[in-house]
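*Asks:* model the following, please.
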Amino acid sequence: MAFTDLLDALGGVGRFQLFYTALLLLPCSLLACHNFLQNFTAAVPPHHCRAPANHTTAAANHSGAWLRATVPLDQAGAPELCQRFTEPQWALLSSNSSGHGAATEGCKDGWVYDHSVFPSTIVTEWDLVCEARTLRDLAQSVYMTGVLLGAAVFGSLADRLGRKAPLIWSYLQLAVSGAATAYFGSFSAYCALRFLAGMTFSGIILNSLSLVVEWMPTRGRTVAGILLGYSFTLGQIILAAMAYLIRPWRWLQFAVSAPFLVFFLYSWWLPESSRWLLLHGKSQLAVQNLRKVAAINGKKEEGDRLTQEVVNAYIQSEFASGRASSSVLDLFRTPAIRKVTCCMMAVWFSNSVAYYGLAMDLQKFGLSIYLVQVLFGLIDIPAMLVATTTMIYVGRRVTVASFLILAGAMVIANMFVPEGEPSLLPNLPPTESREGRLVGEEGAWGMGVMGSGGQ
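*Replies:* From the prediction side, this is the model:
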């Protein structure tokens with residue numbers, strides 16, 4: 001007999017499983033907000049070099065003319081982002097003049113940003129443009145490094161301390177580090193706190209999935225895994241809505257972090273995995289949890305008949321095959337497990353490179369960043385419906401292989417799409433263009449300049 005047989009006897013996929021799964025998947029939906037948060041908090045607005053301090057009066061009185069005379073244009077006819085003329089070129093105000101050959105210099109006095117779409121981002125606050133533009137990508141890499149380290153740390157803790165304790169700590173750590181990110185005013189503190197938030201991503205995902213699966217009978221596990229994917233999809237749509245309503249980056253950072261304090265508070269009442277309790281010799285507590293589950297599922301009589309001996313009988317096979325201790329090396333210890341581990345590592349690597357390479361720089365799509373974020377979420381819905389159906393009726397291996405082949409074919413086909421192809425939605429209102437500039441009838445600069453390209 002297996003432990004899942006005991007769960008079937010206590011109600012199967014009953015009220016407890018449904019309620020328990022909902023409470024665990026709700027925080028997972030907001031994790032997507034943190035994963036893709038920098039699409040909005042690190043958005044790059046249109047910008048150009050700030051005028052020298054001794055020319056501020058002229059700049060204020062003749063803003064359009066002053067910009068044309070002090071900032072050269074790029075090949076697309078838009079103001080250069082990182083260069084200005086060393087001396088004003090007033091001759092350029094004539095339609096027949098060109099600034100070719102005029103001496104230029106970097107933005108020694110900083111930048112002027114267009115705040116019409118994004119009132120503030122980490123880019124505008126710390127000038128992460130031009131020579132410093134790589135720091136913006138560094139911040140996201142630091143976050144993903146936290147995700148990697150968190151998988152090792154919280155995965156190991158889950159085996160030793162149970163699933164519940166690391167999950168509770170992850171909720172608290174994300175609430176505190178996320179809120180603190182909105183408070184501190186230095187870029188180094190921002191990166192350090194984002195690293196801590198990234199660690200909790202793994203802690204929450206791994207332990208939530210473990211708790212859901214270990215409380216779910218076998219016939220409900222595929223659907224539970226798909227629901228986790230849908231919660232992530234929901235989170236992407238929630239992020240787009242929140243980012244549209246809350247434009248300043250610090251307020252948005254706080255808004256997606258504060259709910260985890262609520263998750264931290266109610267997680268204390270979530271029962272630990274009885275399977276983990278039994279495997280670690282805590283039979284009495286496991287029986288208490290199972291009786292509560294039986295009562296919630298309307299199987300109180302079956303729960304009352306449970307004893308430690310009866311419950312242990314359901315898990316004897318796992319006791320017999322279990323190891324006294326476990327580590328990541330167990331994934332490579334035997335040829336069969338080593339083969340599966342290496343294959344899954346390759347699958348996750350290729351999937352992550354393709355997906356995150358697209359999803360973490362949405363400004364390059366040439367549409368409103370809010371719309372693209374929603375589209376990314378909505379595309380997942382039919383994809384997961386197909387995946388759910390094929391996994392149930394065809395199997396997981398065929399489903400994974402088919403989707404990988406399809407994704408690879410689409411990525412390769414995208415290489416042959418010429419740059420500068422017109423948008424599929426040409427009648428949208430003025431919005432951000434492919435790389436951060438505003439596109440509209442008059443542009444963002446009051447000069448009638450059509451922007452394209454960016455930093």
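
*Asks:* and stretch 251-267, end to end?
*Replies:* 25 Å (C-alpha to C-alpha, to the nearest Å).

*Asks:* list the buried residues in it.
*Replies:* Buried residues in stretch 251-267, counted by 16 or more other C-beta atoms under 10 Å: 252-257, 259-260, 263-264, 267. In short, each C-beta sits where N, CA and C put it, glycine included.

*Asks:* which residues are in contact with residue 107?
*Replies:* 49-50, 82-84, 130 (C-beta atoms under 8 Å, 6 or more residues apart in numbering).

*Asks:* quick one: low-confidence ranges for the stretch 351-455 of the chain?
*Replies:* Residues of the stretch 351-455 of the chain meeting the criterion pLDDT under 70: 366, 419-455.

*Asks:* between the buried residues of stretch 251-267, which is nearest residue 353?
*Replies:* The shortest approach to residue 353 among these belongs to residue 256, at 25.1 Å (C-beta to C-beta).

*Asks:* now the closest one: closest residue in space that isn't a chain neighbour?
*Replies:* Spatial nearest neighbour of residue 256, chain neighbours left out: residue 33 (4.1 Å); criterion: C-beta to C-beta, 6 or more residues apart in numbering.

*Asks:* show me where this protein has strands.
*Replies:* Listed in chain order, the strands of the chain (DSSP state E) span 47-49, 84-85, 104-105, 111-113, 431-432, 438-439.

*Asks:* of those, which stretch is the most buried?
*Replies:* Of all the strands of the chain, strand 47-49 has the most neighbours on average by mean count of other C-beta atoms under 10 Å, namely a mean of 25.

*Asks:* which elements pack onto that one?
*Replies:* strand 111-113 (3 or more C-beta pairs under 8 Å, 6 or more residues apart in numbering; DSSP states H and E).

*Asks:* and if we set it to 10 Å?
*Replies:* Contact analysis of strand 47-49 by 3 or more C-beta pairs under 10 Å, 6 or more residues apart in numbering; DSSP states H and E lists helix 63-70, strand 84-85, strand 111-113 as its packing neighbours.

*Asks:* residue 211: what's it in contact with?
*Replies:* Contact partners of residue 211, counting by C-beta atoms under 10 Å, 6 or more residues apart in numbering, are 20-21, 23-24, 158, 162-164, 167, 267, 270-273, 275-276.

*Asks:* now the residue nearest to residue 256: how far from residue 270?
*Replies:* Plainly put, residue 33 is 22 Å away from residue 270 if you go by C-beta to C-beta, to the nearest Å.

*Asks:* same question for residue 415.
*Replies:* To residue 270, residue 415 is 47 Å away according to C-beta to C-beta.

*Asks:* out of the helices and strands packed on strand 47-49, flag the one nearest residue 7.
*Replies:* Taking C-beta to C-beta, strand 111-113 is the member of the helices and strands packed on strand 47-49 nearest to residue 7, at 56.3 Å.

*Asks:* who does the closest one pair up with?
*Replies:* Sheet pairing of strand 111-113 (DSSP bridges) gives strand 47-49 (antiparallel).

*Asks:* gap between the strand it pairs with and the chain center?
*Replies:* 29 Å (C-alpha atoms, centre = their mean, to the nearest Å).

*Asks:* need the residues that contact it.
*Replies:* 67, 70-72, 78-85, 104-114, 123-124, 127, 129-130, 436-437, 444-445, 454-455.

*Asks:* which residues does residue 298 contact?
*Replies:* By C-beta under 10 Å, 6+ apart, the contact list for residue 298 reads 10-11, 14-16.

*Asks:* ok, 6 Å please
*Replies:* Listed by C-beta atoms under 6 Å, 6 or more residues apart in numbering, the contact set of residue 298 is empty.

*Asks:* distance of it relative to residue 11?
*Replies:* Taking C-beta to C-beta, one finds residue 298 at 6 Å from residue 11.

*Asks:* residue 142 now?
*Replies:* Residue 142 sits 45 Å away from residue 11, going by C-beta to C-beta.

*Asks:* domain map for this protein?
*Replies:* Using automatic domain parsing, the domains assigned to the chain come out as 1-27+133-326, 333-416.

*Asks:* got TSV for those, with distance to residue 118 too?
*Replies:* Shown next, in TSV, are those (distance: least, C-beta to C-beta, whole Å):
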stretch	distance to residue 118
domain 1-27+133-326	6
domain 333-416	9
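
*Asks:* just those: most buried one?
*Replies:* Most buried of the domains of the chain, by mean neighbour count (mean count of other C-beta under 10 Å): domain 1-27+133-326, with a mean of 18.

*Asks:* low-confidence bits of the chain, can you list those?
*Replies:* Within the chain, the ranges that satisfy pLDDT under 70 run 1, 53-64, 89-101, 317-327, 366, 419-455.

*Asks:* center of it, which residue is that?
*Replies:* Central residue of the chain (C-alpha atoms, centre = their mean): residue 35, 1.8 Å from the mean position.

*Asks:* any idea how far the residue lying closest to that residue once chain neighbours are set aside is from residue 171?
*Replies:* Among residues not flanking residue 35 along the chain, residue 201 sits closest, at 6.7 Å (C-beta to C-beta, 6+ apart). Distance of residue 201 to residue 171, given as C-beta to C-beta: 12 Å.

*Asks:* just residue 156 next, same as before
*Replies:* Distance, residue 156 to residue 171, using C-beta to C-beta: 19 Å.

*Asks:* ok, now residue 143?
*Replies:* 18 Å.
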